[in-house]
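Undergrad: got a predicted structure plus its sequence, pasted below:
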Amino acid sequence: MKKIIKYVIVDIMRNKIVIAYTLLLLAISFSLFNLEDNTDKGLLGLMNIVLIIVPLICIIFSTIYVYNSAEFIELLVSQPLQRKHIWISLFAGIAIALTLAFVVGVGIMVLLYSFTATGLILIGVGLILSVIFVAIALLAAVYTRDKAKGIGIAVLLWLYFSIIFDGLVLFILFQFADYPLDKAMLVLSGLNPIDTGRILVLLKMDVSALMGYTGAVFQNFFGTAIGMGITLLVMFLWMIVPVSLSVRKFRRKDL
């Protein structure tokens, strides 16, 4: 497993797309922190990049990489190796490589310009989202042989988590405006890792007052040790469940 992981990491880190992705994040991070003297504004702008661009690149690149590595995967399957170990090694290699790219592109700048609790949470959210969307990408790729269809599914999943989900939540809030939905919003936020990450960062920036009573509910929940523990568990499940489902499918898949 270690050799497979090492090979995948080295292969990805030499990929021009990943290099460009790292340099783009680095340039954006540097620009945002130098445009304003207020580092909080830089973090707020960087948050939007972390919540939108990072998941998009991770899910699309991972999906394409799996399809382009089809011959390599078939070669590994022909060896005396368990399919479970092959797929987990592939996932680990892609996830480690993309999280390293994120650390270089965003993490270094955040640590240099805003070494605060908010900055550390932003880095943590970015790392977790990178791993989650790699896991989702592998799940999308393993369920169809068609490369175009697989990439299309990956893009649709990103659109759902980034845009469509928020629209559905707003629709629910509008339709049931006469009912107390503040606690229900806690449950709904757990169904979208991007929303959960956004809430964690915004609350740490002390802008929960702008969210009204719902912000107070979020503050009371996410601000406690139990709430934070539940949140981390939910994010952990977002990493484990897609990987487990994709491993199960890969073990039964006819290559």
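TA: In hand now; what should we look at? Numbering: from 1, shown residues only.
Undergrad: where does the chain have low pLDDT?
TA: 177-178, 180-182, 206-224, 254-255 (pLDDT under 70).
Undergrad: what's the distance between the residue nearest the centre of the chain and Val201?
TA: Most central in the chain under Cα atoms, centre = their mean is Leu129, positioned 1.9 Å from the mean C-alpha point. Noted for Leu129: a distance of 11 Å to Val201, by Cβ to Cβ, to the nearest Å. Backbone N, C-alpha and C define where each C-beta goes, glycine included.
Undergrad: Leu138 now?
TA: From Leu138 to Val201 the distance is 26 Å (Cβ to Cβ).
Undergrad: more crowded one of those two?
TA: Leu138 (29 against 23; other Cβ atoms under 10 Å).
Undergrad: now the more buried one, what's its secondary structure?
TA: Here Leu138 is helix, with the state taken from DSSP: H, G, I helix; E, B strand; the rest coil.
Undergrad: check contacts around the spatially closest residue to it that is not a sequence neighbour.
TA: Nearest residue to Leu138, sequence neighbours excluded (Cβ to Cβ, 6 or more residues apart in numbering): Ser246, at 4.7 Å. Contacts for Ser246 (Cβ atoms under 8 Å, 6 or more residues apart in numbering) come out as 87, 91, 135, 138-139, 141-142.
Undergrad: the same query, at a cut-off of 7 Å, please.
TA: Residues near Ser246 by Cβ atoms under 7 Å, 6 or more residues apart in numbering: 87, 138-139, 142.
Undergrad: ok, longest helix in the protein?
TA: What stands out as the longest helix in the chain, according to DSSP state H, is helix 39-68.
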